[in-house]
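Peer 1: No letters, just coordinates:
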Ligand SMILES: [Zn+2]
């Protein structure tokens with residue numbers, strides 16, 4: 001093996017047949033006890049911005065020859081190195097672990113001093129020529145010989161430099177003799193293989209006879225991790241190492257990029273550019289707001305959320321033109337400061353462009369291969385690092401899955417309580433307030449007792465089974481039946497009494513119930529929810545009714561935010577004669593919002609309520625058949641048909657109005673609204689295309705499994721998916737077929753949410769139940785759960801300063817930079833892996849697209865020449 005002299009070797013695992021064109025091999029750099037302090041540097045640089053190579057052979061790692069190293073130090077570092085190396089290996093290997101040599105105090109400090117000297121030497125020798133990495137290393141702490149407690153954690157710095165690199169290369173050909181799934185065994189079996197052990201003896205200086213001038217090192221004593229303290233220390237070492245890019249990395253060689261693939265990359269980039277063109281982006285990026293002080297809870301930002309203070313009116317006027325509100329800064333209606341990025345015609349054109357791209361054969365193959373590779377990389381990462389991640393989590397005192405922040409990012413307010421809770425509430429009202437007049441039916445007012453008498457029900461009869469609100473097997477693929485489940489005891493009059501806010505009681509019962517649910521959330525402290533509450537668009541006054549309900553009952557909490565859900569029910573209102581055309585629906589929804597933004601005094605309660613609203617949703621049965629919009633659609637004003645417009649038609653008009661509204665609210669210093677609709681729960685893929693262009697994140701997205709190109713685009717844009725596998729299991733997709741675990745492994749940005757606890761969940765903590773089922777069925781680790789919880793905070797609309805407190809002061813950055821294990825319980829190891837794989841994909845696509853452009857340029861120049 002020619003690389004032996006250079007101190008490196010390759011361990012082959014083959015059979016990674018993920019498509020020869022795309023993936024030649026999977027290779028991982030593995031820790032070995034070897035001092036390569038000087039030479040690791042260029043290589044890790046190489047990993048960051050991998051150069052494009054045209055060959056499919058794996059990048060070889062250049063290691064220093066033995067002569068490059070100071071044998072004296074190598075000896076000891078190798079010993080320590082081997083101690084570190086075994087930390088966190090597979091359980092079965094525990095007995096093989098060797099510890100640092102048990103040194104006497106003198107020897108220890110002697111060794112420490114040497115180590116420190118070596119650190120300094122390495123730092124100074126790298127300082128200038130290694131760019132940012134070099135300076136990072138140079139600034140590493142220097143070992144203090146007196147501080148023994150630090151010795152362990154500082155060893156890792158030494159180790160960091162002496163990690164040799166063992167490339168696990170899956171190469172085609174005779175040497176590939178093990179499948180990827182056997183990589184772990186293969187790795188462990190490496191030392192026993194004859195050929196490999198030869199290489200090993202070179203790579204491991206502790207197996208080379210020591211120079212005669214030095215005493216032989218002490219035989220390494222058995223070392224086991226027994227106490228919690230040990231585990232925490234080892235965890236801290238792993239955490240620190242991951243920060244400095246030292247872990248079992250899973251990286252792949254650059255695939256050979258054909259001209260066809262270059263074009264695919266250019267097309268994918270075009271789709272991402274279109275998203276950038278449409279998406280509403282806040283004026284101030286988190287980076288610009290980074291200096292704001294973090295706060296522990298939203299109430300610290302707004303101590304009195306329901307206190308009205310008179311606001312100034314903003315000059316200007318607005319009008320609705322073809323379904324989209326235009327705002328003019330002056331009364332003469334000439335200057336439009338915040339126009340929407342494009343008309344509906346342009347949007348449908350772009351949508352069809354993306355639809356065309358994602359249906360191209362080469363795009364499908366490319367994306368499919370990349371997604372497969374991402375998944376396999378995650379599996380390999382888990383195989384190599386799962387134990388280390390687990391140990392790293394132990395280094396964060398106090399923090400565990402139960403006390404990391406989790407947000408229920410998708411839950412409908414009218415189903416936010418569990419069934420037992422609702423039943424208990426109904427029973428207690430029947431007992432305590434039987435004579436309350438609750439409803440007007442058939443020409444007379446009825447008390448609660450009379451209502452139950454008319455239904456021939458007594459308090460004693462009531463149980464969860466008669467309540468009959470749970471989703472059962474009869475509603476699979478029956479969204480219509482699911483909606484009927486909102487009626488307690490199958491009675492719409494009880495729905496009106498208990499889970500409506502615009503009834504005879506002005507929603508008092510629902511408010512009391514909501515307060516109880518919110519109190520439960522507050523008691524749990526670390527669970528939060530974003531409740532989706534309906535505005536139908538039948539009349540403008542709906543907004544004031546809703547805002548009055550919230551304000552009168554003071555339904556505010558540090559644990560709760562609100563989203564507005566807009567049901568897509570134009571055809572129903574049109575049929576009942578409430579509205580004439582689609583524009584009227586939009587008018588009823590958006591005009592009050594513009595009024596209150598320009599002049600809060602016009603709707604004071606609405607102004608207060610909107611401070612707690614963070615987004616807009618769009619709901620209804622996506623599986624209803626619809627006609628995909630063509631490029632030339634009727635405008636909203638022209639749309640007076642009896643048919644419901646298609647999903648993407650709704651999406652554009654809601655988006656367009658929100659866009660200008662948000663710009664205006666930003667100018668006034670008010671909160672803005674993210675567009676976070678239901679999408680891809682059922683129905684056609686054009687729903688997912690339109691939301692890819694317009695939305696910050698979506699609910700469900702399970703149909704992404706049907707379109708690899710869209711799935712890959714959602715990955716590249718890191719569009720959040722608020723998934724609810726239990727809800728899908730009731731309605732559209734069996735639990736064991738849910739793409740959640742696949743999406744998660746591939747690195748899509750996913751959070752778990754409950755959707756409808758009333759119909760679906762059985763326990764008092766529906767969100768934890770959702771996590772629990774997912775963890776059991778898909779064998780999610782504690783790290784996985786914490787990562788999902790961390791995603792849920794990022795998907796949510798909680799204020800910037802609060803996210804800083806919950807995740808990291810730089811939470812918006814990818815990788816370990818944006819994560820604090822003491823807050824999120826997510827190890828840096830995991831964040832580093834996600835960031836590495838993401839950067840590689842991004843680099844691949846952008847460089848492929850760049851090459852495509854250059855080639856096109858050359859071609860056109862040549863033609864010009866001729
Ligand atoms: Zn939902």
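Peer 2: That came through, no problem. Quantities reported herein were computed from a predicted structural model and do not represent experimental measurements. Numbering: from 1, shown residues only.
Peer 1: what sits against the residue nearest the centre of the chain?
Peer 2: Relative to the mean C-alpha position of the chain, the nearest C-alpha, by CA atoms, centre = their mean, is the one of residue 749, at 2.8 Å. For residue 749, the contact set (CB atoms under 8 Å, 6 or more residues apart in numbering) comprises 697, 718-721, 791, 794-795. Placement of C-beta: from N, CA and C, glycine included.
Peer 1: what about the closest residue to residue 534 other than its chain neighbours, which helix or strand?
Peer 2: Spatial nearest neighbour of residue 534, chain neighbours left out: residue 565 (5.3 Å); criterion: CB to CB, 6 or more residues apart in numbering. Using DSSP states H and E, residue 565 falls within strand 560-567.
Peer 1: Please point out which parts of the helix or strand following that strand sit buried.
Peer 2: Toward the C-terminus, strand 560-567 is succeeded by helix 570-575 as the next helix or strand (DSSP H and E). Neighbour-count burial for helix 570-575, counted by 16 or more other CB atoms under 10 Å, picks out 570, 573-574.
Peer 1: what's helix 570-575 in contact with?
Peer 2: Counting contacts by CB under 8 Å, 6+ apart, the residues outside helix 570-575 that touch it are 536-538, 579-580, 582, 585, 640-645.
Peer 1: run the last query once more with 10 Å
Peer 2: Applying CB atoms under 10 Å, 6 or more residues apart in numbering, the contact partners of helix 570-575 are 536-539, 567, 569, 578-582, 584-586, 588, 620, 624, 636, 639-645, 649-650.
Peer 1: Packing partners of the next helix or strand after it?
Peer 2: Towards the C-terminus, the helix or strand next in line after helix 570-575, according to DSSP H and E, is helix 582-598. Applying 3 or more CB pairs under 10 Å, 6 or more residues apart in numbering; DSSP states H and E, we find helix 582-598 packed against strand 317-321, strand 324-328, helix 542-552, strand 560-567, helix 570-575, helix 604-610, strand 613-619, helix 647-668.
Peer 1: re the thing from before, list only buried entries from the contacts of helix 570-575.
Peer 2: The neighbour-count test (16+ other CB under 10 Å) marks 536-538, 567, 569, 578-579, 581-582, 584-586, 588, 620, 636, 639, 644-645, 649-650 as buried among the contacts of helix 570-575.
Peer 1: all helices of the stretch 601-750 of the chain, in order?
Peer 2: Counting by DSSP state H, counting those that start in this stretch, the stretch 601-750 of the chain has helices at residues 604-610, 647-668, 686-694, 708-716, 725-731, 740-746.
Peer 1: Quick check: which of these is buried the most?
Peer 2: Between the helices of the stretch 601-750 of the chain, helix 686-694 has the highest mean count of neighbours, a mean of 26, where neighbours are mean count of other CB atoms under 10 Å.
Peer 1: how does the chain divide into domains?
Peer 2: According to automatic domain parsing, the chain comprises the domains 2-251, 313-847.
Peer 1: In strands only, show me the contacts of residue 749.
Peer 2: Of the contacts of residue 749, the ones assigned to strands by DSSP state E are 697, 720-721.
Peer 1: Can you tell me which of those residues is closest to residue 376?
Peer 2: If you rank the ones in strands among the contacts of residue 749 by distance to residue 376 using CB to CB, residue 721 comes first, at 20.9 Å.
Peer 1: Surely the closest one touches residue 704?
Peer 2: Yes: between residue 721 and residue 704 there is a contact under CB atoms under 10 Å: 7.6 Å.
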